[in-house]
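1. How does the following fold in three dimensions:
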Amino acid sequence: MQRNEIKRIFLGIGLLGAMGVTAWISCGHHQTASGVPSKLLTHSADLKVHAFEMLAPEAAANQFDQSIRALGRNVAFPEQRLLVAWISRRRPTQIGRRDWYWLVNDVMDVLCHQDQPLPEWTDVLIGLARDKSHDEVIRDYAIQHLVDWLEPIGPSEPFETTAAKRTEIVETFLSAAREVNQPLSGTAVQALHQVLLYRERITRERKIDANGGDISLKELRGVVTELAKSSNANLLARITAFQICALYGFAEVLPEARNLATAVKAPLSLRLSAIAVLGKIGNAVDEELLDSLQDRFNPRLIRAIKPAVMMIQQRADLDYPANTQQLTTRATPRAMQ
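-> Numbering: from 1, shown residues only. Next up is the predicted model:
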């Protein structure tokens, strides 16, 4: 997940439905809500993933990881389906929670980069992302992998090309973004942002791309501003939303950013994010507000206020008319004082 980790760093965030008809149904297998064939889950305790045959039942996480990384890009469909069932089962008792997340992520990476990926792989990822009874970190990972599955990371990489499925992926992001009290809502709005950037890029470069899987700036604006303004939202998700709002200049979040910047009892990280928003898209009113906060004895707050005030002042200076001869009087720009 290297590309998605870069996206998380860019946005300043650390961690953290209807399934349709699939090939499994046509073969007589029924899927659970998570997109995993129920026949496999029924016997999940007896799963025999060929890649793990040489491992002892009590094998450590690093041994599983080595086996997963050795799989390559030509894993047969039966083995891929066993791997899907393996990551959908309960965590093996000898593997810690963080190590289990690591292994699940590795398996998802492998399955996303097969030369012949599972026909139902999109449904599996969507099912995992939408299943509210599933582990929230696994759901988060499924959303991250759906981004790569929607927009290929290289010319030789597989991705979803069916318009209906691509649209379903974006609908999954929209649905997850509205789970405002969950960390994955932040991942989801980040995913929607990436979808918009991807569409803008291929349009600019006039590249041929699969149909479906689009989102408009208006749709993104509605979702991300709602998340930023929600007092019930997950902290990290809300910070992500504020950062995207600042990036696009969504000024409707300014009143909430002002409230948070001055809210002494609000989490410091949220106040710092609000101050950054004011610096990015605020105005003279916000400069005065930030100046009033300079008296507070909080070094981290002050370090955030100074660059925010400078950004507001720089924008104010750029607003002066270029033709000064048309002015009878003009205040001296702050930069020259």
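2. quick one: low-confidence ranges for this structure?
-> 1-47, 206-210, 295-297, 319-337 (pLDDT under 70).
3. tell me the domain boundaries of it?
-> 2-252, 253-319 (automatic domain parsing).
4. can you redo those domains as a markdown table with mean neighbour count?
-> (Glycine included, C-beta is placed from N, CA and C.) A markdown table is the format used below for the domains of the chain (neighbours: other Cβ atoms under 10 Å):
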| stretch | mean neighbour count |
| --- | --- |
| domain 2-252 | 18 |
| domain 253-319 | 17 |
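5. Go ahead and list the helix or strand containing the residue nearest the centre of the chain.
-> Residue closest to the average C-alpha location in the chain (Cα atoms, centre = their mean): residue 187, at 2.5 Å. Taking DSSP states H and E as the definition, residue 187 sits inside helix 184-204.
6. and that helix, what other elements does it pack with?
-> helix 2-10, helix 136-150, helix 163-177, helix 217-229, helix 235-248 (3 or more Cβ pairs under 8 Å, 6 or more residues apart in numbering; DSSP states H and E).
7. For the last one, list the C-alpha coordinates in PDB.
-> If I follow you right, that is helix 235-248. Output of helix 235-248 as PDB, limited to C-alpha atoms (Å, rounded to 0.1, in the frame of the first residue of the first chain):
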ATOM      1  CA  LEU A 235     -11.300  13.100  15.200                       C
ATOM      2  CA  LEU A 236      -8.900  12.000  12.500                       C
ATOM      3  CA  ALA A 237     -11.600  11.800   9.900                       C
ATOM      4  CA  ARG A 238     -12.700  15.400  10.700                       C
ATOM      5  CA  ILE A 239      -9.100  16.600  10.400                       C
ATOM      6  CA  THR A 240      -8.800  15.000   7.000                       C
ATOM      7  CA  ALA A 241     -12.100  16.700   5.900                       C
ATOM      8  CA  PHE A 242     -10.800  20.100   7.100                       C
ATOM      9  CA  GLN A 243      -7.600  19.700   5.100                       C
ATOM     10  CA  ILE A 244      -9.500  18.800   1.900                       C
ATOM     11  CA  CYS A 245     -11.800  21.800   2.400                       C
ATOM     12  CA  ALA A 246      -8.700  24.100   2.800                       C
ATOM     13  CA  LEU A 247      -7.200  22.600  -0.300                       C
ATOM     14  CA  TYR A 248     -10.200  23.400  -2.400                       C
END
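8. Adjust the sequence numbering to begin at 818 for everything that follows.
-> Got it, first residue is 818 now, which makes that one helix 1052-1065.
9. Which other helices and strands does it contact?
-> With 3+ Cβ pairs under 8 Å, 6+ apart as the test, helix 1052-1065 has helix 1001-1021, helix 1034-1046, helix 1085-1098 packed against it.
10. Need the contact partners of the shortest one.
-> Read it as helix 1034-1046. 991, 994-995, 997, 1002-1003, 1006, 1009-1010, 1013, 1050, 1054-1055, 1057-1059, 1061-1062, 1065, 1067, 1069-1070, 1073 (Cβ atoms under 8 Å, 6 or more residues apart in numbering).
11. Could you rerun that using 7 Å?
-> 991, 994, 997, 1002, 1006, 1009-1010, 1013, 1050, 1054-1055, 1058-1059, 1061-1062, 1067, 1069-1070, 1073 (Cβ atoms under 7 Å, 6 or more residues apart in numbering).
12. Kindly calculate the angle that it makes with helix 1001-1021.
-> Here helix 1034-1046 points in a direction 160 degrees away from that of helix 1001-1021 (axes from the mean of the first three to the mean of the last three Cα atoms, to 10 degrees).
13. chain center to helix 1034-1046, what's the gap?
-> The chain centroid and the centroid of helix 1034-1046 are separated by 14 Å under Cα atoms, centre = their mean, to the nearest Å.
14. Now do it and helix 1085-1098, the angle between them.
-> Using the same axes, to 10 degrees: helix 1034-1046 against helix 1085-1098 is 140 degrees.
15. Distance check, residue 995 against residue 964.
-> 18 Å (Cβ to Cβ, to the nearest Å).
16. Same question for residue 1048.
-> Distance, residue 1048 to residue 964, by Cβ to Cβ: 28 Å.
17. Now do the contacts for residue 1078.
-> Here residue 1078 is in contact with 1088, 1091-1092, 1095, 1106, 1110 (Cβ under 7 Å, 6+ apart).
18. Excluding covalently adjacent residues, which one is nearest to it?
-> Leaving aside its chain neighbours, residue 1078 sits nearest to residue 1091 (4.4 Å; criterion: Cβ to Cβ, 6 or more residues apart in numbering).
19. do residue 877 as well
-> That would be residue 911: by Cβ to Cβ, 6+ apart, it lies 7.2 Å from residue 877.
20. Where does that neighbour sit, in terms of helix or strand?
-> Using DSSP H and E, residue 911 falls within no helix or strand.
21. element containing residue 898, please.
-> Assigned by DSSP H and E, residue 898 falls in helix 894-905.
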